[in-house]
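K.L.:
Need coordinates for the following:
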Amino acid sequence: MQAAESLIRPSNAWQQEKALIKARAYVAGVQYNFIWTPQDKAKFRRLWRENRGLMYICNELDRHWVEVFVLAADLLDRGQIKERERPLFG
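P.N.:
The predicted model follows:
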């Protein structure tokens, strides 16, 4: 049983290596807020259905364009919004 547990539990050396990798890692987008309230998500979806452009949606939600773009990409990927004829940047 001990041999099987050693396969499941990472070694101490691996834990140390992982900590070093994490300490040197670059994390993109930490300056943005990707947390959305249900109300803001619903407002985004309404504006999306109204075929509003990216900057209009950003102004309405008081969000950076990167945050809105990532939300749109996420909801499209999950099938929660549909693609539309008007491009997001148009």
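K.L.:
helices and strands around the host helix or strand of residue 72, which ones?
P.N.:
Per DSSP states H and E: residue 72 is located in helix 65-77. Where contact means 3 or more C-beta pairs under 8 Å, 6 or more residues apart in numbering; DSSP states H and E, helix 65-77 is packed against helix 38-49, helix 54-61. Any C-beta I mention is one placed from the backbone N, CA and C, and that applies to glycine too.
K.L.:
buried ones in that helix?
P.N.:
Residues of helix 65-77 classed as buried under the neighbour-count rule (16 or more other C-beta atoms under 10 Å) are 67-69, 71-72, 75.
K.L.:
Among these, which one sits closest to residue 45?
P.N.:
residue 75 (7.4 Å; C-beta to C-beta).
K.L.:
Tell me the confidence at that closest one?
P.N.:
For residue 75, the pLDDT comes out at 97.
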